[in-house]
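Enquirer: structure, please.
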Amino acid sequence: HIDFSIILYLCNFIFCYRQRPIIRSTMNRVLSSKTAGAGRLPALRRAPSARSPAGLQVAAMANRGGSTLRAGLVSPAQRMMHGSITNNARRAFTAGPLKAVPAPNKNMTEANTTPTKDILETFQRADAVCFDVDCTITTNDGLDLLAEFMGVGAECEALTTKAMDGTMDLSESLEERLNIINCTPEHVKKFIKTYPPETRVVEGVKSFITALQSRGIKVYLITGGFRELMLPIARYLNVPTENVFANRMMWQWDEVTMMPTKLVGFDDSEPTSRNQGKPEAIARIRDRNPYNTVVMIGDGVTDLEAVQIAGGADLFIGYGGVVVRETVKAEADWFVTDYAVLEAALKRFKVAMIGSGAWACAAMTLASYNARRENSTGLFSEEIHMWVRERDVEGGKLTDVINKTHQHPRYLPGVDLGPNVVANPDLLSTVKDADVLVFCAPHQFVRGICKQLVGRIKRNAVAISLIKGMRVRPEGPQMISEMISRYLNIDCSVLMG
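Expert: Residues are numbered from 1 along each chain as shown. Model prediction:
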């Protein structure tokens, strides 16, 4: 007979082993603090799995410490191939009561305009970025602008300032402002028509949000403003309506026409209607999604709370491009006044081309075009190294000729490869720090190439194979993509005839 306690022990062991990602992600959330990454455990990395090709598009997704980073080498007009690695981790965390955690002491005069290495790395591995809206995405407070539209702007603006500075309760401020505004649905419609979203958003924010979304980073709007005023902004920025957390106006309905006629208050069940509501909204987001790293960007004290409450954000970036609040400026992990600074700090993927034949050169014209900043959202590092077998040609060394003329004189003469292409005779130097490896060498050489690359490439790199043919073995044929994946332990997408 088997002791029943042994069975229980084995069951418990199996359960704990299978739940390691869940346990670790839950602990990370519990240990999160105001300092970026403080107390967090390193994210688990999963072994990659092969993916099948999917048409004329290039995309590559790699797991960066738990965050999903997407790379697409080609523009809509010039698609090459498609492949992806997705983060399969799933959270099983139910947000409990939110408790304040002590923030570390910080020099109140420090502006934090230059991020530390830890803060920059946390920002670059973000799975989701949450934005405040008023005075962060827009150049003004939406409710104050509505009040101005209604002729009571001065009275409301003072109440808004108190709420944002933390000297007045947010719920009380909302209630008093709505009482003063006293608008109707018709007033709201006319207001939106008078102030369309494109006239209100801060310079650079749309480009920054587009750059985030191109990397697979999810964008959320979490605002103490009202949904009726926020949804046009969300649509303009291509943010899904289900990613908008905002307050709702409550209306009195006419019993005859069954139409809303009078503003009577707001829905106080929304987390954004009260202090500490934004970290509560983030906790709900994390409960529904497998996000390891969440960043909050905002201008007010209610935004700063997002990192001061357990279960909230991992990093707070203060934005002062519209208004500078001294408490926010002093306590933010990173403080900026221009979204171009954040966009420039986003992770950019380095691409390497392994091969320099006719097909490799043809593919390089597309890759180099789409890696250039003017043709993309800055997803890639502009410079692309191409491994070239060195030989003497008319005019000197082949690599010198390519780097001088930007053309391959033997395989693709007369066709410009791109000013950002660097011919490199050294394989290991070519692939150093590369995030995307494009294989385009004769299939009979690939096994030897892979052997040289074992242990010499980035752990989270991804590969794209443009190689025709397959490896023939006594035990049966092997696809080149399978060979690359097995030797290098990375995901490999394919485009072949």
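Enquirer: same question for stretch 160-178, mean pLDDT?
Expert: In this model, stretch 160-178 has an average pLDDT of 76.
Enquirer: any idea how far that stretch is from the chain center?
Expert: From the chain centre to the centre of stretch 160-178 is a distance of 32 Å (Cα atoms, centre = their mean, to the nearest Å).
Enquirer: hmm, who's touching it?
Expert: Applying Cβ atoms under 8 Å, 6 or more residues apart in numbering, the external contacts of stretch 160-178 come out as 135, 141, 143-144, 147, 156, 159, 224, 247, 249, 263, 265-266, 268, 273-275, 277, 299-302, 325, 327. Every residue, glycine included, has its C-beta placed from N, CA and C.
Enquirer: buried subset of those as a PyMOL selection?
Expert: Buried residues within those, by 16 or more other Cβ atoms under 10 Å, are selected in PyMOL with:
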select buried, resi 135+141+143+144+147+156+159+224+247+249+263+266+273+274+275+277+299+300+301+302+325
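Enquirer: give me the subset of the contacts of stretch 160-178 lying in helices.
Expert: Using DSSP state H, the subset of the contacts of stretch 160-178 located in helices is 143, 144, 147, 156, 159, 277, 301, 302, 327.
Enquirer: what sits against the fifth one?
Expert: Just to be clear, that refers to residue 159. Residue 159 touches 168, 173, 176, 177, 180, counting by Cβ under 8 Å, 6+ apart.
Enquirer: can you say which helix or strand has the second one in it?
Expert: Secondary structure assigned from DSSP states H and E places residue 173 in helix 170-181.
Enquirer: kindly export that helix (C-alpha atoms) in CSV.
Expert: Output in CSV follows, covering the C-alpha atoms of helix 170-181 (Å, rounded to 0.1, in the frame of the first residue of the first chain):
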residue,chain,number,x,y,z
LEU,A,170,-11.2,64.2,-6.0
SER,A,171,-14.8,63.1,-5.5
GLU,A,172,-15.7,66.4,-3.8
SER,A,173,-14.0,68.3,-6.6
LEU,A,174,-15.9,66.4,-9.3
GLU,A,175,-19.3,66.9,-7.6
GLU,A,176,-18.8,70.7,-7.1
ARG,A,177,-17.6,71.2,-10.7
LEU,A,178,-20.5,69.3,-12.2
ASN,A,179,-23.0,71.4,-10.1
ILE,A,180,-21.4,74.5,-11.4
ILE,A,181,-21.3,73.4,-15.1
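Enquirer: I'd like the contacts of residue 159 as TSV, with neighbour count and distance to residue 120 appended.
Expert: As requested, those are exported to TSV (neighbours: other Cβ atoms under 10 Å; distance: Cβ to Cβ, whole Å):
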residue	neighbour count	distance to residue 120
168	17	35
173	21	35
176	16	41
177	23	38
180	16	43
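Enquirer: residue 186: which of those residues is nearest?
Expert: residue 180 (18.2 Å; Cβ to Cβ).
Enquirer: end-to-end on stretch 365-384?
Expert: Terminal residues of stretch 365-384 lie 11 Å apart, using Cα to Cα, to the nearest Å.
Enquirer: wait, I meant stretch 343-352
Expert: 23 Å.
Enquirer: circling back: show me what secondary structure element comes after the helix holding residue 173.
Expert: helix 185-194.
Enquirer: who does the following helix or strand past that following helix touch, helix- and strand-wise?
Expert: Under the assignment DSSP H and E, the closest C-terminal helix or strand after helix 185-194 is helix 205-214. With contacts taken as 3 or more Cβ pairs under 8 Å, 6 or more residues apart in numbering; DSSP states H and E, helix 205-214 sits against strand 218-226, helix 339-345.
Enquirer: just name the most buried of the ones you listed.
Expert: strand 218-226 (a mean of 24; mean count of other Cβ atoms under 10 Å).
Enquirer: in its sheet, what does that one sit against?
Expert: strand 128-131 (parallel), strand 244-247 (parallel) (DSSP bridges).
Enquirer: now the very next helix or strand once past it: how far from the chain's centre is it?
Expert: Under the assignment DSSP H and E, the closest C-terminal helix or strand after strand 218-226 is helix 227-236. Helix 227-236 sits 21 Å away from the centroid of its parent chain (Cα atoms, centre = their mean).
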